[in-house]
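**Student:** curious how this folds, go ahead:
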Amino acid sequence: MILYLDFETRSEVPITHGTHVYAADCEIIMTQYAIDDGEVVVTDGLDPQLAMLVDMADTVVICAKNGFDRLVAKYAAGIDIPCEKIEDVATIALSHGLPAGLDKLGQIFQLPSDLAKDKKGKALIQLFCKPRQDGSWATKLTHPIEWQRFRDYGGSDIKAMRELRRKLPRVNYPSPREHALWCLNERMNDRGMAVDLDLARAAISTVAAAKKIMDKRTQEMTDDELRSTTQRDQLLRLVLDEYGVDLPDMQKSTLERRLVDPDLPDGARELLAMRLQTSTTSNAKYNSLIKATSEDGRLRGSLLFSGAARTKRWSGQIFQPTNLPRPDLPAEEIELGIDAILGGGAHLVWDEPIKLCSNAIRGSIVAAPGKKLVVSDLAQVEARVLPWLAGEQWKLDAFAAYDRGEAPDNYVMAYSRAFGVDVEDVTEGQRQTGKTSELSGGYGGAYGAWVSMAATLGIEIPPRHEVEAIVRAWREAHPAICDWDTGFWKKLDDAARMAIGNPGKTYCAGDFIRFERWREWLRMELPSGGFLNYAAPAIIEDPRRPGRDTVSYMGINNYTKKWERLTTYGSKLSADATQATAREIMAENLPQIEDQGYLPVLLVHDEVVTETPDTEDFTVGRLNTLLANVPGWAPGLPLSAGGFETYRYRKD
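**Tutor:** Below is the predicted model of the structure:
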């Protein structure tokens, strides 16, 4: 028996604070369900038969990101629906490169208009699910006509879920392995992680005090023309009129470049430095932490399974742990700074207290009393996976030698090759340049991609001719990946094109990647046996290069967030294949990590943060071994992991 289930709820807690905090405070105002293909039942409030139906059902189908309806059933109805029983329509969609929302899925699969979510339905949610300005609630008694429309709307959601379940592909999920991983993800989200709320509150106070001081200084310097450096347009005009400094914008990268200019006037330098600090948005994460942390001091629900489009990697929610600012202060300085923040005097003794608070965000995640955090990170895993997929054997040998302690690391070697510098003479700054070339080079990145990556990593950008030399050197050193006639990029592009034009036939791109056109999908088969899925594939004229064609598919545009036709080519396909294979390694080893008592509380790209008893039985060495276990489907892939033990999370 299949039970299709959906709730409508209301709460004074905004859903943006996180599903766990919301569900713990919410009230069920409507229950909608259907059994198999039967009639949809809509009940005001909690349906009295629901517990019995859940117990009888073989499968409970829901549709909400991050297990929303499961949590509502648990907290608001006292009904514990086992994860193993749940089939989440949103997760099925995400696992195949589709958006999770019923509204967008309805448009993509062209559901009948009576099943599609519309603006009227969203208006009804606003009316009944959120308190009015005076704190009162709209109900079926105050708005009987609208309430009946709301009931009809709720019933259409069940019908839409049922129809989408029939139409969605199921090659990736719910397969037994992926469903077990989703259940593990739900356990991680339910487990949550301990938060130092004292640090979060102190950091917010520190930032506020520092901004107040800088606002006062800004007013003094500008004779009250500016109240704060957050006044973007006025500041642009003032530094031009007063100091002759013409800036195109106030973006972080623009300000950082000008601040290192020795000819920049002192007054402009001080104003722009204050602007850089006061415009930092990363400190807003402290507010998110406070709002989303449960009463027991743990933050829950921060991971979204298969949330990264196309590659199935985990993504972050609420606190966005996968998008934390990269520290630009030494670890020892951050540790001292956290003490100063907690003491309430960081804004008095620290030159850049806002910058300090941004660096300290990771430190808000702590071990619970009697516990410790054991952290492990797969070392340069994408830089290892790509040459393995492509057959770049010299690179694999170099990684294996490094793991044995017989060779320098990959980033040092990259700079050494590009500029003919002995590896012993490569400085830390030059190593960072090598790191940028490794991270951008494998996916076809030229000057623009290289500069973007360098900005992300906080690396000084060399002159253009040097960057172009680095790119050329990287490509020449990796013929199995980059050769225009026989390289991996070319093989991927050719195989994808052939598959699109010849449905039902399989085409290989090297030893490990295969493509097949299956109905309205282009499927990339990974070494693990999993698939990446590209909807409605077609060969079209390349909009960037008129007169030439390119592979295309329908997907979510990362910039517009709209479902539209996107283009791809060999090097972009190599990025998908590499990142997805790295995800598969994590997915392969994560269950064993949990089974060994290292309870995962957070995943950040290729890093796993676990909480364990604070005893010698749990070591980082053991966790490294578990994480870097080479799956049986990846013979010859050199893996390594490194990490640390701590009571306060940090970037190692």
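
**Student:** look up how far residue 306 lies from the most centrally placed residue in the chain.
**Tutor:** With distances taken as Cα atoms, centre = their mean, residue 315 lies nearest the centre of the chain, 3.0 Å away. For residue 315, the distance to residue 306 (Cβ to Cβ, to the nearest Å) stands at 8 Å. C-beta: built from backbone N, CA, C; applies to glycine.

**Student:** repeat that for residue 382.
**Tutor:** Distance, residue 382 to residue 306, by Cβ to Cβ: 18 Å.

**Student:** host element of residue 376?
**Tutor:** Residue 376 belongs to strand 371-378 when assigned by DSSP states H and E.

**Student:** now the helices for the stretch 551-652 of the chain?
**Tutor:** Along the stretch 551-652 of the chain, counting by DSSP state H, counting those that start in this stretch, helices occupy 570-595, 620-627.

**Student:** wait, which of these is closest to residue 448?
**Tutor:** Checking these against residue 448 by Cβ to Cβ gives helix 570-595 as the closest, at 13.3 Å.

**Student:** averaged pLDDT, the closest one. What do you get?
**Tutor:** Average pLDDT, helix 570-595: 96.

**Student:** go through that helix and flag the buried ones.
**Tutor:** When burial is assessed from 16 or more other Cβ atoms under 10 Å, helix 570-595 yields the following buried residues: 570-590, 593-594.

**Student:** what of stretch 645-652?
**Tutor:** Across stretch 645-652, burial judged by 16+ other Cβ under 10 Å covers 645-646, 648-651.

**Student:** with respect to pLDDT, which of these ranks lowest?
**Tutor:** Among those, residue 651 carries the lowest pLDDT, at 89.

**Student:** and it, its phi and psi?
**Tutor:** Per-residue torsions, residue 651: phi -90, psi 120 (degrees, to the nearest 10).

**Student:** what sits closest to it if chain neighbours are left out?
**Tutor:** Nearest residue to residue 651 in three dimensions, chain neighbours excluded: residue 327, at 5.0 Å (Cβ to Cβ, 6 or more residues apart in numbering).

**Student:** ok, how many other residues are close to that neighbour?
**Tutor:** 17 (other Cβ atoms under 10 Å).

**Student:** also the one 5 residues further on?
**Tutor:** Look at residue 332: counted by other Cβ under 10 Å, it has 8 neighbours.

**Student:** just the pLDDT for it.
**Tutor:** 90.

**Student:** where exactly do the helices run in the stretch 301-450 of the chain?
**Tutor:** Assigned by DSSP H, counting those that start in this stretch, the stretch 301-450 of the chain shows helices spanning 331-343, 346-349, 353-359, 381-390, 393-403, 410-419, 428-441, 447-457.

**Student:** before we move on, which element is residue 163 in?
**Tutor:** helix 144-167.

**Student:** quick one: buried residues of that helix?
**Tutor:** So, applying 16+ other Cβ under 10 Å, buried residues of helix 144-167: 146-147, 150-151, 153-165.

**Student:** what of stretch 49-66?
**Tutor:** In stretch 49-66, counting by 16+ other Cβ under 10 Å, buried: 50-51, 53-54, 57, 60-66.

**Student:** CSV please, covering those and showing distance to residue 511, pLDDT and secondary structure.
**Tutor:** Below are those laid out as CSV (distance: Cβ to Cβ, whole Å; pLDDT from 0 to 100; DSSP: H, G, I helix; E, B strand; the rest coil):
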residue, distance to residue 511, pLDDT, secondary structure
50, 51, 95, helix
51, 52, 95, helix
53, 49, 95, helix
54, 47, 95, helix
57, 44, 94, coil
60, 41, 92, strand
61, 39, 91, strand
62, 40, 89, strand
63, 39, 80, coil
64, 40, 70, coil
65, 36, 67, helix
66, 37, 66, helix
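
**Student:** so which of the residues you listed is the closest to residue 285?
**Tutor:** Once Cβ to Cβ is applied, the member of the buried residues of stretch 49-66 that ends up nearest residue 285 is residue 66, at 18.2 Å.

**Student:** sorry, back to before: residues making contact with the strand holding residue 376?
**Tutor:** Outside strand 371-378, the residues within contact range by Cβ atoms under 8 Å, 6 or more residues apart in numbering are 194, 365-367, 582, 585-586, 598, 601, 606-614, 618-620, 623-624, 626-628, 639-649, 652.

**Student:** let me see the backbone angles for residue 201.
**Tutor:** According to degrees, to the nearest 10, residue 201 has phi -70, psi -40.

**Student:** ok, the closest residue in space to it that isn't next to it in sequence to residue 21 distance?
**Tutor:** Excluding the flanking residues, the one nearest residue 201 by Cβ to Cβ, 6+ apart is residue 290, at 6.8 Å. Using Cβ to Cβ, residue 290 is found at 11 Å from residue 21.

**Student:** give me the buried positions along the very next helix or strand once past the helix holding residue 163.
**Tutor:** Once the chain leaves helix 144-167, the next helix or strand it forms, by DSSP H and E, is helix 176-191. Neighbour counts over helix 176-191 (16+ other Cβ under 10 Å) mark 177-179, 181-186, 188-190 as buried.

**Student:** and these, which two are furthest apart?
**Tutor:** Maximum distance among the buried residues of helix 176-191 (Cβ to Cβ): 20.5 Å, for 177 and 190.

**Student:** still on that earlier bit, what sits against the residue nearest to residue 651?
**Tutor:** Here residue 327 is in contact with 334, 359, 362, 650-651 (Cβ under 8 Å, 6+ apart).

**Student:** list the contacts of residue 72.
**Tutor:** 7, 9, 23, 26, 28.

**Student:** test my guess that the fourth one contacts residue 13.
**Tutor:** When you say that, I think you mean residue 26. Yes: using Cβ atoms under 8 Å as the test, residue 26 is close enough to residue 13 to be in contact (7.4 Å).

**Student:** what about the two, which has more around it?
**Tutor:** residue 26 (22 against 15).

**Student:** what sits against that one?
**Tutor:** Here residue 26 is in contact with 9-11, 13, 72, 75-76 (Cβ under 8 Å, 6+ apart).

**Student:** widest-spaced pair of those?
**Tutor:** Pairwise distances among the contacts of residue 26 were taken by Cβ to Cβ; the largest, 13.6 Å, belongs to 10 and 75.

**Student:** domain ranges for this structure?
**Tutor:** 2-168, 393-477, 579-646 (automatic domain parsing).

**Student:** can you tell me which strand in this structure is longest?
**Tutor:** strand 531-541 (DSSP state E).

**Student:** quick check: which helices or strands does it pack against?
**Tutor:** Applying 3 or more Cβ pairs under 8 Å, 6 or more residues apart in numbering; DSSP states H and E, one finds that strand 531-541 makes contact with helix 488-501, strand 521-525, strand 549-556, strand 563-568, helix 570-595.
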